[in-house]
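# fold the following, please.
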Amino acid sequence: MSIILPVKGIWPEMGENCFIAPNATIVGDVIMGKECSIWFNAVVRGDVNSIRMGDRVNVQDGAVIHCTYQKTKAIVGNNVSIGHNAIVHGCTVHDNVLIGMGAIVMDHAEIGTNSIIAAGAVVLEGTKCEPGSIYAGIPAKKVKDISQELIHGEINRIAKNYVMYSEWFKSPAPSGN
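Predicted structure coming up:
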């Protein structure tokens with residue numbers, strides 16, 4: 001069963017049609033929009049500061065969203081995919097962003113709209129990633145501008161697919177099971 005707990009009397013709030021995996025953890029000052037999904041072993045920890053998530057955000061398996069006490073909040077826009085085992089910490093992620101598997105985005109970083117953070121990239125504290133760009137490496141650096149094909153073929157496709165995947169877990173079991 002999912003762990004959904006209040007911190008200092010503040011409960012997480014979920015929008016319409018959200019999916020929370022049975023072993024996901026969501027605590028404290030977390031507000032998420034509609035059609036979000038928090039996947040297996042993912043942690044959204046709004047205990048030390050607030051986390052705000054737009055619509056159609058998917059936090060994939062093992063990913064973590066957290067903040068720094070009294071210093072940073074986490075703000076995640078609409079149509080954002082946070083890949084498996086990624087860490088999004090005390091930063092701002094604008095709309096239509098893909099954070100790749102295993103990537104780390106640190107405090108006060110800002111990820112511009114229509115951007116991709118490559119798998120395994122480390123976006124250092126305070127880094128401003130330009131809108132419409134791909135960032136990769138350690139530390140993450142801009143490697144190129146993003147094409148419309150990647151915006152539609154990757155960023156939008158993955159966000160839409162995760163809404164679809166979450167529906168699979170909401171369907172009733174077939175009779176006889």
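# part of a strand, is I26?
Yes - assigned with DSSP: H, G, I helix; E, B strand; the rest coil, I26 falls within a strand.
# so what touches the longest strand seen in the chain?
As assigned by DSSP state E, the longest strand anywhere in the chain is strand 43-53. When contacts are defined by C-beta atoms under 8 Å, 6 or more residues apart in numbering, strand 43-53 is touched by residues 7, 10, 12, 24-33, 36, 38, 59, 63-76, 80, 90. Glycine gets a C-beta too; all of them are placed from N, C-alpha and C.
# buried members of the residues you listed into ChimeraX, please.
Here is the ChimeraX command that selects only those of those that count as buried (16 or more other C-beta atoms under 10 Å):
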select :12,24,25,26,27,28,29,30,32,33,36,38,59,63,64,65,66,67,68,72,73,74,75,76,80,90
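# and F40, how close does it get to A21?
4 Å (C-beta to C-beta, to the nearest Å).
# neighbour count: those two, which is higher?
Neighbour tally, F40 and A21, criterion other C-beta atoms under 10 Å: the higher count belongs to A21, 18 against 12.
# contacting residues for the more buried one?
A21 neighbours (C-beta under 8 Å, 6+ apart): 2, 37-42, 169.
# just the buried ones from these, in PyMOL syntax?
Selection of buried members from these for PyMOL, criterion 16+ other C-beta under 10 Å:
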select buried, resi 37+38+39+41+42
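# rewinding a little: which is the next helix or strand following the longest strand of the chain?
strand 58-59 (DSSP states H and E).
# sheet partners, orientation included, of that next one?
For strand 58-59, the paired strands and their directions (DSSP bridges) read strand 37-38 (parallel), strand 80-82 (parallel).
# now do the helix or strand following that strand: which elements does it pack against?
The helix or strand immediately downstream of strand 58-59 is strand 64-66, counting by DSSP H and E. In terms of contacts (3 or more C-beta pairs under 8 Å, 6 or more residues apart in numbering; DSSP states H and E), strand 64-66 is packed against strand 43-53, strand 74-76, strand 87-89.
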